[in-house]
Every structure is written in structure tokens, then in C-alpha cells.
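J.: here is a sequence together with a model predicted from it:
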Amino acid sequence: MLEKEHGALRQPLDLFPKRKDEGKLGQDCPVQRQQGWARLTALLVVAALMPWPLLITHDNWWAFVLVTAAIVAALRLLLGRQWTDYAGLNLSPTHVLIVVAAFAVVATGSEVLLPIVYKTAALKANALTIEEQTGMMFQAFNEEIFFRALMIGFFIQYVRSALMISLGLAFLFAAAHFLLYRFGTLHMALSMASLATLFFAGVAWNNLYLAFRHIGFSWALHAGWNVVWLPAAFYDAATNERLHEPQVFDRVLGSPTMLAVTCAMAVLSFVFLVRRPGAKARPLA
């Protein structure tokens with residue numbers, strides 16, 4: 001049935017056929033080259049903006065909001081009136097409502113799941129404030145614009161396989177977290193289990209963006225999870241010693257439960273990617 005609808009088995013993942021006006025890279029299409037430079041510049045500018053909130057160790061929720069405003073201003077300046085398309089923000093009203101509902105469902109599910117993970121990992125967490133949770137919503141929003149909309153939008157110009165894009169950028173997503181903690185101020189490396197969880201989550205979010213052409217659903221999963229646990233202060237249940245963020249990542253994201261959940265998410269996301277109506281014919285902005 002899949003072959004009958006989409007041709008060869010690999011074709012559903014080749015979602016971005018070349019347009020008629022698209023010549024060879026760097027040769028026949030000046031407009032394409034100009035768009036490529038604009039995308040690259042936007043990618044680098046956003047990459048430079050994103051780390052700033054991390055330099056503030058406490059009460060940095062407002063910094064994520066300011067970075068969001070700076071990202072929006074930079075994209076509007078660099079990409080013009082169509083910046084929302086490049087940023088993955090072109091959602092239909094129906095999808096906006098579904099995204100809000102999905103965020104609520106994911107946050108509620110995370111509230112149910114995390115106490116089980118905390119008990120297994122011998123963790124205690126403090127209560128979260130509304131300000132901290134608000135900051136995490138913007139933090140996830142910033143990461144989705146960068147890792148999904150801008151990075152996929154840039155690399156898909158040169159790598160036409162959605163499968164390779166999804167897996168490759170998921171690897172970069174996990175690698176970015178490894179480098180942040182290994183060579184940052186804490187000098188702590190994440191475990192392979194934590195990195196595998198980040199990789200599977202990245203695959204799921206990438207596939208949702210590739211399937212729907214906006215960051216709405218990937219943001220709902222990302223933010224719905226982050227707001228419930230990431231801003232909290234964590235302590236070892238036995239010693240009451242406060243743990244650093246990489247240690248928390250290893251205990252939470254490195255747990256077998258989270259590894260299984262994110263792996264299942266990644267597998268399910270491929271169903272959306274392959275079965276999404278019109279995904280093959282609709283080019284990425």
C-alpha cells in the first residue's frame with residue numbers, strides 16, 4: 001500500500017523535490033544563493049543569541065523572553081516579511097488550537113510520569129514557580145526555531161533526504177548538549193543513555209517539523225516536558241546534596257523509562273512523516 005501511494009520505499013522520506021527554477025548549487029540561481037546566505041546569517045545570529053540566558057545562573061527566566069524578542073527582531077530584519085515561514089511559525093488556526101491542547105496533554109502526562117522517574121532515580125525536586133515555567137516555554141520556543149526551523153531549513157537546501165536531515169540534526173542536538181556540559185563551566189560529560197534520549201527526542205521533533213512545516217507540535221512536546229522539570233532544583237534523596245544539571249540529566253533522561261518513552265516517540269514520528277497528506281509535494285519555505 002505504501003509503495004502504491006508513494007512509489008519506491010525510500011521516496012516518502014525524500015520530501016523536497018527540486019523546483020523547476022532551481023539550478024545547480026551556486027550556479028544558475030542567484031535568488032537561491034541569496035536566500036542561502038540569508039538563512040546562514042540568521043542561523044549564526046540566533047546561535048549567538050541563545051547561550052546568553054545560560055550565563056545567568058539564577059532567576060534567568062526573563063532572559064529567555066528577551067532572547068526570544070531579539071530572535072524575532074533579527075529574523076524580521078534578515079529575512080523580511082516572510083520571516084515567520086523561515087521560523088516555522090506559519091500555523092493555521094486549527095493547528096494553533098491543537099498545539100495548545102497538545103502542550104496541556106504533554107505537561108499533564110509529564111506531571112504523572114516524572115514522580116515515578118524521580119523515585120527510581122532517588123531524586124527530590126523543589127516546587128516550581130510560574131516565572132520559571134514561563135521561562136522554559138520561551139527557552140523551548142527559541143530552541144525549536146534554531147534546531148528545527150532554521151537548521152532544517154538551511155541544510156535541506158543541500159541534503160534532499162528528510163531521513164538524513166532528521167537523523168543528522170538529532171545527532172547535532174544531542175552533541176550540542178554534550179559539548180555544553182563537557183566543555184562548559186561544569187566540565188561534566190553526559191552519559192550515553194542521556195545522549196540517546198536526547199537523540200530520540202531530536203528525531204521526534206525533527207520529524208514533526210518536517211511533516212507539518214511548522215514548529216508548533218515539536219514545541220508542544222518540547223515545552224510541555226521542559227516546564228514540568230527543567231527549572232527545578234534537584235537533590236539526592238539519600239544525602240540531600242544538591243545536584244548539578246548534568247547529574248540531573250543523567251538520572252532523569254538517562255533512566256530506562258525516559259529512554260523507552262523517547263524511543264517510542266521517535267518511531268511514532270516516522271509514521272507522521274511518511275503518512276502526512278501532501279508532505280511530498282509541499283516544498284519547505
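T.: The structure has been received and is ready for your questions.
J.: chain center to the longest helix seen in the chain: distance?
T.: Determined from DSSP state H, the single longest helix within the chain is helix 93-120. Offset of helix 93-120 from its chain centre (Cα atoms, centre = their mean, to the nearest Å): 16 Å.
J.: what sits up against the following helix or strand past it?
T.: Next helix or strand after helix 93-120 toward the C-terminus (DSSP states H and E): strand 123-125. Residues from elsewhere that reach strand 123-125 (Cβ atoms under 8 Å, 6 or more residues apart in numbering): 117-118, 229, 232-237, 240, 243, 248, 251-252. Every residue, glycine included, has its C-beta placed from N, CA and C.
J.: likewise stretch 146-155?
T.: Here stretch 146-155 makes contact (Cβ under 8 Å, 6+ apart) with 36, 39-40, 42-43, 46-47, 50, 86-89, 165, 168-169, 172-173, 202, 205-206, 209-210, 214-215, 218, 284-285.
J.: now, which of those residues lie within helices?
T.: Cross-referencing the contacts of stretch 146-155 against helices under DSSP H gives 36, 39-40, 42-43, 46-47, 86, 165, 168-169, 172-173, 202, 205-206, 209-210, 218.
J.: residue contacts, the residue nearest to Leu114 when sequence neighbours are not counted?
T.: In space, and not counting its chain neighbours, Leu114 is closest to Trp229: 5.5 Å by Cβ to Cβ, 6 or more residues apart in numbering. Residues near Trp229 by Cβ under 8 Å, 6+ apart: 110, 114, 125, 252.
J.: pull out the buried members of the contacts of stretch 146-155.
T.: 36, 39, 42-43, 46, 50, 86-89, 165, 168-169, 173, 202, 205-206, 209-210, 214-215, 218, 284-285 (16 or more other Cβ atoms under 10 Å).
J.: show the average pLDDT along the helix or strand encompassing Leu79.
T.: Element membership for Leu79, per DSSP H and E: helix 61-79. Average pLDDT, helix 61-79: 96.
J.: backbone dihedrals for the nearest residue to Leu40 once chain neighbours are set aside, both of them.
T.: Leaving out its chain neighbours, the residue that sits closest to Leu40 by Cβ to Cβ, 6+ apart is Phe154, at 6.2 Å. Main-chain torsions, Phe154, degrees, to the nearest 10: phi -80, psi -50.
J.: what is the burial count for Phe154?
T.: Phe154 has 17 neighbours, counted by other Cβ atoms under 10 Å.
J.: do you know the pLDDT at it?
T.: Here, the pLDDT recorded for Phe154 equals 91.
J.: same check on Phe16?
T.: What the model reports as pLDDT for Phe16 is 47.
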